[in-house]
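Asker: Attaching a predicted model along with its sequence, questions to come.
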Amino acid sequence: MQDQGIKDIIRTSAVGGAMQEMLTYGVPEIGWSGDPWITLCWNKLENRWEIWSEKEETPVCVHRSVPMTDENKLPNIYELCAHLRDHDLHKVGEKEILRRIDKHNATVEKERGKASREKAIEAMQKVYWHVAKEVGHHY
């Protein structure tokens, strides 16, 4: 048995069959053309699903990592393939991917800011209501 070091300790190749075929040969319905060098793995140390590329790369390239929510459930292969499709440098340029990421991050930040403002407004309304209730008749 050949010792591959930390790579063997960290991960176990998780799937074969139909899921691996989707990663390798693609899913035409969603526009993923496949990649023969990637595989879905389980990172035992962090309890995460990861898509690894093993094309003579040192270290192995991790393309996607998602937490394992249920130990008996495999991740949604269509979501993983869609992520790979959207971040494929052969089809989409690096600048376009960075633009998409920046746009997504700006949307997330905007939503977080809106949510925190709404919470602050709600808290202030409660304070105003209690102040009016307690001392409103003293004005």
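Answerer: Received the coordinates, thanks.
Asker: per-domain residue ranges of the protein.
Answerer: By the assignment in automatic domain parsing, the chain contains the domains 6-88, 96-138.
Asker: For the longest one, give the mean pLDDT please.
Answerer: In this case it means domain 6-88. Across domain 6-88, pLDDT averages out at 75.
Asker: and it, how far out from the chain's middle?
Answerer: Remark: domain 6-88 is offset 12 Å from the chain centroid, using Cα atoms, centre = their mean, to the nearest Å.
Asker: Tell me where this protein has strands.
Answerer: Using DSSP state E, the strands of the chain run over residues 11-13, 38-43, 48-53, 61-67.
Asker: Select, out of the ones you listed, the one closest to residue 87.
Answerer: Each of the strands of the chain was scored for nearness to residue 87 using Cβ to Cβ, and the closest is strand 61-67 (7.3 Å). For every residue, glycine as well, the C-beta is placed using N, CA and C.
Asker: residues of that closest one that come out buried?
Answerer: Applying a neighbour-count criterion of 16 or more other Cβ atoms under 10 Å, the buried positions in strand 61-67 are residue 64.
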